[in-house]
Every structure is written in C-alpha cells, then in structure tokens.
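>>> Okay, predicted coordinates and the sequence, questions at the end:
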Amino acid sequence: ETEEVKRSLMRFLGQISSPNPVNLNWSMSTDPCNNHWMGVSCNLKSTSVKKIILENLGLSGSFDANSLCSAETLSVLSLKSNSISGGVPEEIGKCKQLTHLYLSGNKFSGNIPLSLSNLNNLKRLDVSFNNFSGALPDLPRVSGLKSFLAENNQLSGAIPEFDFTNLDHFNVSNNNFSGPVPDMKGRFGLSSIAGNPLLCGKPSPNACPRPPPPPPPSKSSSGFHKSALFYSGYALLGLLLVIVVVFTLIKRKKAKEARKVEVVKVESVVDGNGSPNNKSSPNRDSREASSDKNGNSRSSVTSAEAGMVSSSLTILSSPVLKGMQLDELLRAPAELIGRGRHGSLYKVFLDGGKTLAVKRIKGWDIPVEAFELRMRNLDRVRHPNVLPIIAFYGSKEEKLLVYEFQENGSLFNLLHGTKEGRRFDWGSRLSVAASVAEALAYMHVEFQEDGIAHGNLKSTNILFNSTMDPCIGEYGLMVINNSLSHNNNENEPSKETSAQGPYLNFKVDLYAFGIVLLELLTGKLVHNNEPELARWVQKVVREEWTAEIFDNSLVVEGVSEDRLVSMLQVALKCINPCSEERPSIYQVALMINTIREEEERSIASEPSSNVSEQREPNLVF
Ligand SMILES: Nc1ncnc2c1ncn2[C@@H]1O[C@H](COP(=O)(O)OP(=O)(O)OP(=O)(O)O)[C@@H](O)[C@H]1O
C-alpha cells in the first residue's frame, strides 16, 4: 500500500481505538499487505487493502470514515460487536468499492448517512443494534443490495420500497417506523417489522386508515389552465423532437464526411493483403485498376464503399487511439505473445507507454461488411467484466482486433503460473466464477437474437484488469457460422444432433464455462478446451472418489467440502454431453451466487474472522 493509505489507516485505527488502544500489529514501519496487519486482507498481488475486519475488540472511539476511505479499494468492512460511538460520517460514501458493511452491535447514533445510497456496489448492510435515528436514506437505489439489517435502533419515517425480490435478509424490527408497510412480496413476515407500533397494513396487526375520498372535480377556470398546460407540454415535446432529429442528421452527415477523409488517408498505406505499403501512395484510379486485374481484396478496398471503410482502422472507443492510422499501428514496436488456433496475438507498444493487445486473425471467412457490422454490434454492448474491442481492421484475408493490453495476465497464468496459483484462494476463485458467469449471462441476453455467443471461452481468454477484476476477452470473435450443422468447439464431445441454430452457440459457451469451473476446482491444466479434464472428472465422480478431484491448495485452505461439491455439480451440469440439458448461463450465475452467499454467511459467522484468532489473511480480489 502507499504511505498515504498507511498513514490514513493508522489515523482511522487511532480514532477508533481511543481512549483504549488495542494491541494490533499495525505500524507505519510495516506494510498492511506484506506484513499481514491484523484484521486486514489484501488483493492477490498484495498491493491494496480489500477487507478490514475488526470485530469484538472492545473498540470504543469514533469512526473516521474519511481516513478509512483513502483505502479506495476497500470492499469489506466489519466493526461488529464493539462500542464505537458517535455518527457514521457522510464520507463513508467515498469507499466506492464497499460491498459489505457490518456495523452492528455498537453505539452508533445520528442518521444513517445519505451517501450510503451512492455506494452502487453495496450488497450487505448491517446497522442493527445501534442507536441510529431519523429516516432511512434512499437505499432502494442500490440495485444489488441483498441484505438490509437495521433492527433495534430508533429509526423513523416510512419504510422505503426496497426491491424485496432481490433481498435475502431484511429486518427493521424494534424501531419507530410509521405508515404503511410496503409490499414485501411475501418474502418477509411479521418478525421483520415487529416492534414498530406506528406501522400499518399487512403483515403488521394494525389496519391502515382509509384514504379520504378524492375531492369532486371543480369546474373552475383551473380546468382551462390545466388543459393549456397539457397542450403547451405537447408543443414543447414536439419542438424538442424536431431539435433532436435535426441535430442527429447534422451529426450523421459530419461523421460520414469525417470517415471519408480518414479512409482516403489510410487507403494509401494498405495493400491488398492488408499489410502496410510504405511506397508512395499510388493514385486511387490506378489502384482500382490493379485490384480489378488481380481480383484480390484490394478491389473491395477501393470499389465498394463498405470495403473502403473497412480498409481503415476503425476506432471504436479509445481516447488513446484517437486519430490513429492503421500504418501507425502496424509500424509500432510489437512482441508476439502467442499463436493460438485462430491467429496470433501481439503486444504493441505505443509512444507514451500505452500497450495494446492486437489479435491478428487469418482465414476468418466472414464478408468484410458482416465483420464490420459484428464489431459495431459488439461495441454497442458493454459490461465491466467484458473487455471491449477498442479498434478493428478487416480485409478479406485478414482481421485485426485491438484491445487494451492487460498486464495482470490471464486466469490460466494465475492458476498454473509459478507461485501465485498457490495463493489463489477459494474466495477469489468463487468471485472470478461469479463475475464471469454474470458477465456471460449479460452478454447472452444482449446477443440472444443475433446468436452471438463467445465461441472460444477458456482460461487464457479470461484476463485480469488493473484492479484484478476478471474480464472476458475476445467475446464474439469465433462464432462464425450460425447454421451450425457442425460444432464450433471441435474438441467438445458432440451429441448435438437435436439442438438447432444460434441456440447451440450459447450452449457451447456453457460447456466451455464448465471447463473453466473444473479448472478452478481442480487446479489442473487444460489446453484448448480439451475434453480430457471433463472425462477424468466424470470418471472420478462415477467411481465416487469425489474428494480426489479438488485442488490440494483448496483442501489445505480448509474450504467447506459441501461448497466444493456444490460447485462441482454446477460444473458437471455445464459439461453435460447433451447440450439441451445444460442449464442457461443465467441459471448457472444464480447457482454460483447462492454458493457464494453461503460462503459469505459462513465467513461472517465464523469466529476465526475475529482478529484475536486470525490466521493467514485470505487473499481476496
Ligand atoms: N488483451 C490482452 N492483454 C493481455 N494478454 C492477452 C490479451 N489477450 C490475450 N492475451 C494473452 O495472450 C496469449 C495469446 O493469446 P491468443 O488469443 O493468441 O491465444 P489463445 O487464446 O490461447 O488462442 P485462440 O484465442 O486463438 O484460441 C494468451 O495467453 C492470452 O491470455
């Protein structure tokens, strides 16, 4: 961690443990991650703080959220069962990555900070057994919230309309809430709201008073005002529409002109094979003639408009690449990183230190126009755990896809690399599995109609970004043929006869994801989705020596066998040889989340999460 973060964390501890200092090993002369500060867990690379768990330590000072949140990567904070008093400062909203906040069993007072409703990543919030008062902030805004526990406080006002279908824990009992109980969709009973005498409506025992009858419609002049307002509203809307249409037309025209200018510039450096031509630029007519003569892609480069557009480097979404020409990209120093089944991958070094990953695919038999359309479609859909294509180039013979280079490597490296694999703990593996499943589920829904699945999912295509979050790379590149009389994944055992059309694309991804899960569970190497691992696992399961399957480092870590087996069952469902019987990735994401929640619940209730008994801190992402 940085000196600044260390200093802030020391300040936070100083405040929280005054006037009775606790004996932790935190010190300015050591590092929270490398020297294992008690109660602190870090990311896999031991570079940033992820969890702070200081439970049951008799802490009695005040909460300096401002200092705490200078550890911007903090995702879990638990101060359960202490005697911390005073308010929770609004600055808690600066801990943007918080997913779990446990403050129960303290003496906190004042309002629950409004800024909590801006913590978009928050999943679990427990403020129960304190002296909080006042109204609740707009917590239903936090769409991913899974639990809200606030029993035994003095909170008042209305209970907001949470998304109760998304909550698995909810309790606001023994407070001063008033007004109607929102529709809890039958998910929570009386015990979750009991002890609030001013609440009414089911499941509380008090009936709500009938609303007063609406006043009779008045025939006064206000009717005229209302309809005048109504019509002027329409006029305004019409005007707005006209402005939007005119603006869009102007923008389109300008974009078209700009593209034409770029094409003319780039044409001069691309020859028919899509390689840079450093000779002086021939004029356009002569190139058209030569392309006609040779019948090669040069003709499509210059003759059809779609071909012309593709002959330039199309930049989709990168401020770094803004204005970059294809020849600049091709001339930049590059290193060959790997040669896969579908092409080569280069690490390209740009001036200014930026690095790109450029995938060069040969023999992808897709018309240039269809390729360009696919790239634009893929660009339309964004997910934080899917690596976006930032630029592309396509000629008949060759396609280039440009991504940002991810210095933290792939899941494959992490699992099978030298020392780090051993430190890849269960919590982190679960979190990778959950993120990848969720991202894939999102993409499958978005591309359902187009039938664009990933097509080549594997651990080398799951990359870690700068914050060590997993990102799926190369989405949508390899699903070439939607007729799919054949199986895209040559190595998958093929009993696919009855499945039809694009539907199968998605089921192929399921199989591939199942193999990734098996890799996470077994720690065994898989090359190119080879079916050996699946066969071995199926054999071992048949012979009922299931425990042998799991990666020894998980066994040594003491991971619950129940949860390992649950995850194995999910993997086996995914690799079902009959594609129709595989679940959807959405169902898989739900199953993994359930396993993850069980894990979280067990961590929260484990006595070993207390500092006094803490072993090696878990490494979390
Ligand atoms: N954006 C990226 N940043 C960093 N490394 C990457 C990136 N994309 C791919 N890699 C890594 O580069 C290596 C080569 O990638 P490549 O895509 O050529 O291989 P592959 O995925 O094994 O093969 P293929 O996709 O052709 O089946 C892999 O180890 C992969 O993890």
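Structure's in. What do you need?

>>> need the helices for the stretch 51-200 of the chain, in chain order.
Remark: helices assigned in the stretch 51-200 of the chain by DSSP state H, counting those that start in this stretch are 65-68.

>>> quick one, strands of it?
Ranges of strands in the stretch 51-200 of the chain, per DSSP state E, counting those that start in this stretch, are 76-78, 85-86, 100-102, 107-110, 124-126, 131-134, 147-149, 154-157, 169-171, 176-180, 198-200.

>>> Compile the ones you listed into a markdown table and extend it with columns for mean pLDDT, mean neighbour count and distance to the ligand.
No exception for glycine: its C-beta is placed from N, CA and C like everyone else's. Below are the strands of the stretch 51-200 of the chain laid out as a markdown table (pLDDT from 0 to 100; neighbours: other Cβ atoms under 10 Å; distance: least, Cβ to the nearest ligand atom, whole Å):
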| stretch | mean pLDDT | mean neighbour count | distance to the ligand |
| --- | --- | --- | --- |
| strand 76-78 | 90 | 23 | 28 |
| strand 85-86 | 93 | 15 | 46 |
| strand 100-102 | 92 | 21 | 30 |
| strand 107-110 | 94 | 16 | 44 |
| strand 124-126 | 92 | 23 | 33 |
| strand 131-134 | 94 | 17 | 46 |
| strand 147-149 | 92 | 20 | 36 |
| strand 154-157 | 93 | 16 | 48 |
| strand 169-171 | 91 | 18 | 39 |
| strand 176-180 | 91 | 17 | 50 |
| strand 198-200 | 89 | 17 | 53 |
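
>>> what would these look like in JSON lines with distance to Glu474?
JSON lines is the format used below for these (distance: least, Cβ to Cβ, whole Å):
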{"stretch": "strand 76-78", "distance to Glu474": "32"}
{"stretch": "strand 85-86", "distance to Glu474": "51"}
{"stretch": "strand 100-102", "distance to Glu474": "32"}
{"stretch": "strand 107-110", "distance to Glu474": "48"}
{"stretch": "strand 124-126", "distance to Glu474": "34"}
{"stretch": "strand 131-134", "distance to Glu474": "48"}
{"stretch": "strand 147-149", "distance to Glu474": "36"}
{"stretch": "strand 154-157", "distance to Glu474": "49"}
{"stretch": "strand 169-171", "distance to Glu474": "38"}
{"stretch": "strand 176-180", "distance to Glu474": "51"}
{"stretch": "strand 198-200", "distance to Glu474": "53"}
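
>>> Out of the ones you listed, flag the one nearest Gln325.
strand 76-78 (46.4 Å; Cβ to Cβ).

>>> Near the ligand, which residues of the chain? Just list them.
By Cβ under 6 Å from any ligand atom, the part of the chain that sits against the ligand consists of 337-338, 340-343, 345, 357, 359, 403, 405-406, 410, 456, 460-461, 463, 473-474.

>>> Counting neighbours, what do you get for the residue of the stretch 51-200 of the chain found nearest the ligand?
Using Cβ to the nearest ligand atom, the closest approach of the stretch 51-200 of the chain to the ligand is made by Thr73 at 21.3 Å. Neighbourhood size, Thr73 [other Cβ atoms under 10 Å]: 18.

>>> Might you report the residue contacts of it?
The contact partners of Thr73, by Cβ atoms under 8 Å, 6 or more residues apart in numbering, come to Asn43, Ser48, Val49, Lys50, Gln97, Thr467.

>>> Among those, the buried ones, what's the PyMOL command?
Provided next is the PyMOL selection string for whichever of these are buried by 16 or more other Cβ atoms under 10 Å:
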select buried, resi 43+48+49+50+97
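
>>> Out of the contacts of Thr73, list just those in strands.
Val49, Lys50 (DSSP state E).

>>> which one among the contacts of Thr73 gets closest to the ligand?
Among the contacts of Thr73, and counting by Cβ to the nearest ligand atom, the member closest to the ligand is Thr467, at 14.7 Å.
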